[in-house]
Each structure stands twice: as structure tokens, then as C-alpha cells.
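following is a predicted model, sequence given first.
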Amino acid sequence: MATLTTADGSQYYFDPNGIVAISDRDPSTGTAVTCVYGLSASGYLRIGEGAQQFMTRLNIAAKFAQLTRADGASIWINGSSVTSVRSRASTDQIGVNSVIFAGSTPYMIKESPTAVAAALHISA
């Protein structure tokens, strides 16, 4: 089991395979903070460690592809957590070219579906 401490001081023990994504910015506030998705019913946990430092400490970086959210923030997606990728729909926000479905959260991504599939090692 691995551990993390949230920004508010809560301690979590978890299986690193449960991490779906890691971002370097809070999607709700835009605040620069590492957010870990997949370990909490609330959507994500805010932690004090940097994203790269966190992945290195857990030795999981090789499982994640770095992509760009529509707001320009970096997000690392666990390729084994992805169930599908679709191209931009007319109802998606401007700047979105792909939507990744992984866990219970859709991730709006700037890269094209082809680039996302290549980064996540998804074959046709």
C-alpha cells in the first residue's frame, strides 16, 4: 500500500493502480496544486507534493501519459484506466479536441484523438 497526505492533512492508504489521473491544477478553482483522481468519491484529492515528485515516489510515471487539459494545465492519464476516447462534440468547450473517459470523470483534452491514442498506447 502507498500513502498520501491531502492538503487538509488527511492520510490515505491506497493501491497506486487505483489512480486514474493526476493534474497540476485544481479544475474548479484553477489553483496550482496537484490533484489525484480515482481514490475518492469526491472526484479528486488535493495534495502538497508536485505531480512529478508524487509519480516518482510511487514509481508509476511509466503508466501515465502527459496531456493538456482545455484550460492549458497538464494532466497525466493512466492508460490502463481509459475506457474510451472521442473527438470533439459541438457541445464541448472551445479548445477541446478530445474527451477521455477514465474512471467516473471525462477529461477534456487539447490534443487530437489520434495524438491521445498514441500517447496512451491505444491501438485500433
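Perfect, I can see it now. Since we're looking at a predicted model, the values are computed, not measured.

show me what contacts residue 99?
85-86, 88-89, 92, 106-109 (Cβ atoms under 8 Å, 6 or more residues apart in numbering). Every C-beta, even on glycine, is put in place using the N, C-alpha and C of the backbone.

closest one of the residues you listed to residue 3?
residue 107 (25.2 Å; Cβ to Cβ).

farthest residue from the center of this structure?
residue 90 (23.3 Å; Cα atoms, centre = their mean).

could you measure it against residue 34, distance?
33 Å (Cβ to Cβ, to the nearest Å).

burial check on the nearest residue to residue 26 once chain neighbours are set aside, number of neighbours?
The shortest distance from residue 26 to any non-neighbouring residue, by Cβ to Cβ, 6 or more residues apart in numbering, is to residue 33 (5.4 Å). The tally of other residues near residue 33 (other Cβ atoms under 10 Å) stands at 18.

quick check, residue 33 in contact with residue 25.
Yes: with contacts counted by Cβ atoms under 8 Å, residue 33 reaches residue 25, the gap being 7.1 Å.

filter the contacts of residue 99 down to the ones in strands?
85-86, 106-109 (DSSP state E).

one step back: kindly provide the distance from the residue farthest from the centre of the chain to residue 66.
Taken as Cβ to Cβ, the span from residue 90 to residue 66 is 27 Å.

what's the helix or strand for residue 4?
Secondary structure from DSSP states H and E places residue 4 in strand 2-5.

hmm, who's touching the helix or strand just after that strand?
Per DSSP H and E, the first helix or strand lying C-terminal to strand 2-5 is strand 11-14. The list of residues contacting strand 11-14 from outside it, by Cβ under 8 Å, 6+ apart, reads 1-6, 39-40, 45.

next: stretch 52-67.
Residues outside stretch 52-67 that contact it (Cβ under 8 Å, 6+ apart) are 2, 4, 16, 19, 21-22, 34, 36, 47, 49, 74-80, 100, 107, 109-111, 116, 119-121.
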